[in-house]
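Chemist: Predicted model and sequence follow; I will ask about them next.
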Amino acid sequence: MARRSALLVAAAIGTFPAAGHGHYTERGWAYPPACCKGSNQGGDCQRIPGGTVRKGKHGFSVILGPGDHYRVTREHMFLIPYGDEIPSGDGDYHICLHPTEDHMNCFFAPPDGA
């Protein structure tokens, strides 16, 4: 019984890893504190359209234009090697831009890399 309780507590902690951080996606999972450094509601992280992401031979390429992320004011291209992505908690793509729109801090992809 104690083992089952411990597993339930561990599962609950894993569901909301940054509950004290306060930067949540619209679907309720939290961005890791190291990723969102901004002071507004979403920090520097936001869901991005799936059409902005392409899978290539060595990783993901992300092309963002104005409107794809609240910080983006001009077109940007980011290359994220496979293995550097973080599994997203909602099956969508997300990106964190910090300290400016020119710097990708964290990239989240669906667990299957879709």
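Modeler: Great, that's in hand. Predicted model, so just to flag it, every value in this text is computed and none were measured.
Chemist: Tell me what residue 109 is bridged to.
Modeler: residue 87 (DSSP bridges).
Chemist: Which residues are in contact with it?
Modeler: Counting by C-beta atoms under 8 Å, 6 or more residues apart in numbering, residue 109 touches 53, 60, 85, 86, 87, 88, 93. Just so you know, the C-beta spots here come from the backbone N, C-alpha and C atoms, and that holds for glycine as well.
Chemist: Quick check: pLDDT value at the first one.
Modeler: Right, the one you point to is residue 53. pLDDT recorded at residue 53 is 98.
Chemist: that older thread, ok, of the contacts of residue 109, which come out buried?
Modeler: 53, 60, 85, 86, 88, 93 (16 or more other C-beta atoms under 10 Å).
Chemist: Including distance to residue 46, could those residues go into a markdown table?
Modeler: What follows is the buried ones among the contacts of residue 109, written out as a markdown table (distance: C-beta to C-beta, whole Å):
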| residue | distance to residue 46 |
| --- | --- |
| 53 | 14 |
| 60 | 16 |
| 85 | 16 |
| 86 | 14 |
| 88 | 12 |
| 93 | 10 |
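Chemist: Among those, give me the pair with the biggest separation.
Modeler: 53 and 86 (13.6 Å; C-beta to C-beta).
Chemist: quick one: contacts for the nearest residue to residue 71 once chain neighbours are set aside?
Modeler: Leaving aside its chain neighbours, residue 71 sits nearest to residue 101 (4.4 Å; criterion: C-beta to C-beta, 6 or more residues apart in numbering). Neighbouring residues of residue 101 by C-beta under 8 Å, 6+ apart: 69, 71, 72, 73, 74, 76.
Chemist: Going through these, which ones are buried?
Modeler: 69, 71, 72, 76.
Chemist: Looking at those, which are in strands?
Modeler: In this view, the buried ones among the contacts of residue 101 that belong to strands under DSSP state E are residue 76.
Chemist: I'm done for today, thanks for sticking with me.
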